[in-house]
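A.B. asks: Give me a 3D structure for the following:
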Amino acid sequence: MENKSWQREIDFHCTFGVWPFKKSLDITPAGFLYCGELFPLKTITRLRWGVDQKRGGPFPKYSYYAAFGTETREFVIKTRQKDFYEHLTQRFWAAAGKRMLAEMFAGLRKGRSYGFGDFSVSDGGITITRRGLFKSSEQEKYRWSDLKWGIVNGNLVFTSAEAEEKLLTSASFLWTDNAHILSVALALLQKSGQRESLARAAGDSSQK
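C.D. replies: I've put the predicted structure just below:
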């Protein structure tokens with residue numbers, strides 16, 4: 001019964017684009033079937049989605065993007081239809097996002113780190129890489145207790161806990177792979193009430 005409920009949660013079929021360049025996507029327990037090519041769910045390693053706003057007149061124009069990919073390939077769907085975008089990204093999360101979140105927590109417990117643009121995340125905090133034009137890269141490490149974070153204009157933003165006006169780094173939900181997954185992990189860390197271990201946050205949260 002649980003499997004059938006999950007199947008109903010993720011089942012999705014859509015066609016998009018204009019003839020003769022129409023494309024199709026099916027999401028099922030078998031995987032993501034994109035234009036007739038099947039990518040099993042376990043091969044999906046990156047997701048991203050977000051809104052691009054352009055101002056060219058009295059009213060802003062919105063384009064909605066949703067992308068999924070494997071280790072070597074990426075596929076992007078662009079639409080102006082907000083309802084379609086919301087239904088699609090809900091399926092992205094149910095079909096692959098939850099599993100990727102669990103895998104990230106498992107990897108953090110084993111000492112892995114995960115990159116998001118110019119910073120990487122480990123169990124105990126983040127490491128920011130500063131790249132200069134005329135000098136070698138420098139790394140700055142921050143524990144979770146040193147940081148504050150939030151969502152600003154479609155970006156996951158990190159500031160210093162002591163000086164919230166000091167922007168340390170950020171990740172765009174639209175352009176940074178798996179930023180949504182990190183955001184959910186950080187929400188669990190916030191909910192857990194502790195600021196030492198990101199991996200422990202999942203267990204602490206489930207017990208509350």
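A.B. asks: who's in contact with Arg131?
C.D. replies: Applying Cβ atoms under 8 Å, 6 or more residues apart in numbering to Arg131 gives the contacts 118, 137. Any C-beta I mention is one placed from the backbone N, CA and C, and that applies to glycine too.
A.B. asks: Where does the residue nearest to Cys14 when sequence neighbours are not counted sit, in terms of helix or strand?
C.D. replies: In space, and not counting its chain neighbours, Cys14 is closest to Leu25: 5.4 Å by Cβ to Cβ, 6 or more residues apart in numbering. Element membership of Leu25, judged by DSSP states H and E, is strand 23-28.
A.B. asks: quick one: that strand to chain centroid distance?
C.D. replies: 20 Å (Cα atoms, centre = their mean, to the nearest Å).
A.B. asks: just checking, what packs against that strand?
C.D. replies: Strand 23-28 is packed against helix 2-10, strand 12-16, strand 31-34, helix 82-92, with contacts defined by 3 or more Cβ pairs under 8 Å, 6 or more residues apart in numbering; DSSP states H and E.
A.B. asks: Other residues contacting the following helix or strand past the last one?
C.D. replies: By that I understand helix 82-92. Once the chain leaves helix 82-92, the next helix or strand it forms, by DSSP H and E, is helix 98-109. The contact list for helix 98-109 (Cβ under 8 Å, 6+ apart) reads 41-42, 44-45, 47, 114, 121-123, 178, 181-182, 184-185, 198-199, 202.
A.B. asks: Buried residues of helix 98-109, list them for me.
C.D. replies: 100-101, 104-105, 108 (16 or more other Cβ atoms under 10 Å).
A.B. asks: Tell me which of the helices and strands packed on strand 23-28 is the most buried.
C.D. replies: Mean neighbour counts were compared across those using mean count of other Cβ atoms under 10 Å; the top stretch is strand 31-34, at a mean of 18.
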